[in-house]
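> here is my input, please return the structure:
(one chain, ligands or ions: 1)
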Amino acid sequence: MLICETERLYLREWVPDDWKRFQPLATDPRVLRYIGHGKPWTDEQIKSRIANWIEVGRQRGWILWPVIHREDAELIGFCGFWDGFPPDVEIGWRLRPDYWGQGLATEAATAVMEFGFRRWRFPRLISVAQPENKASLRIMEKLGMEFERRFPHDGVDVVCYSKTNPTL
Ligand SMILES: CC(C)(COP(=O)(O)OP(=O)(O)OC[C@H]1O[C@@H](n2cnc3c(N)ncnc32)[C@H](O)[C@@H]1OP(=O)(O)O)[C@@H](O)C(=O)NCCC(=O)NCCS
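Okay, the predicted model is just below:
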């Protein structure tokens, strides 16, 4: 099922065999450079995470969804919401390196943020990144998010940006 659409992309629900398409996003060191301690996921971890997203998506509705590139129908990343910092909801993104530098993450995140505020009525959204992850911080700024705090998370220094729901 379709979740949301942009000019060049759409987000849909996960299906079990997406695990193979998602593999580069969970193993490529360029993608993992600023994610936690950068440890790649095993095939079993990838399969179990996708099964979890399918289940949580069914029950709760919001998750990190796969991002599909319209032009070539490739699964190029994910974008959506994560519950790692309750009670806040985090907006997050990850793309395959062969699709970086075209404004695609900003395009996905802009649509997803609007969707979260309108459909899920989140009172606010946060986004957390390692301060060296300049591309991610730039996306937060382009989304109109503002710096909130810096703190250690799992032994890694991170910054948190936030934005209040303008429709409430
Ligand atoms: C973060 C990520 C999704 C960005 O994808 P992208 O499609 O290239 O992003 P966009 O093109 O939409 O925007 C990136 C912005 O950051 C800027 N940018 C990129 N690298 C930069 C750097 N090293 N220093 C400063 N700015 C940088 C770009 O110029 C662009 O800003 P602009 O539109 O003002 O020119 C991608 O790099 C990625 O998947 N990284 C690995 C996973 C990850 O770190 N996810 C986030 C975890 S918090």
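> could you pull out the helices for the chain?
With DSSP state H as the criterion, the chain has helices at 18-27, 29-32, 43-60, 104-119, 134-142.
> do the last one and the ligand meet at all?
Spelled out, that is helix 134-142. Yes: under the criterion of C-beta under 6 Å from any ligand atom, helix 134-142 makes contact with the ligand via 134, 135, 136, 138, 139. C-beta coordinates here come from the backbone N, C-alpha and C atoms, glycine included.
> roughly how far is stretch 149-160 from the heart of the chain?
18 Å (C-alpha atoms, centre = their mean, to the nearest Å).
> repeat for stretch 143-154
In this view, stretch 143-154 has its centroid 15 Å away from the chain centroid, taken as C-alpha atoms, centre = their mean.
> can you pull the buried residues of that stretch?
For stretch 143-154, burial by neighbour count (16 or more other C-beta atoms under 10 Å) applies to 143, 145, 148.
> do the same with stretch 111-130
Within stretch 111-130, the residues scored as buried using 16+ other C-beta under 10 Å are 111-113, 115-117, 122, 124-130.
> just put these in a markdown table and tack on pLDDT and distance to residue 1.
Conversion of the buried residues of stretch 111-130 to a markdown table gives the following (pLDDT from 0 to 100; distance: C-beta to C-beta, whole Å):
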| residue | pLDDT | distance to residue 1 |
| --- | --- | --- |
| 111 | 98 | 16 |
| 112 | 98 | 15 |
| 113 | 98 | 20 |
| 115 | 98 | 14 |
| 116 | 98 | 17 |
| 117 | 98 | 20 |
| 122 | 98 | 21 |
| 124 | 98 | 27 |
| 125 | 98 | 22 |
| 126 | 98 | 27 |
| 127 | 98 | 25 |
| 128 | 98 | 28 |
| 129 | 98 | 29 |
| 130 | 98 | 33 |
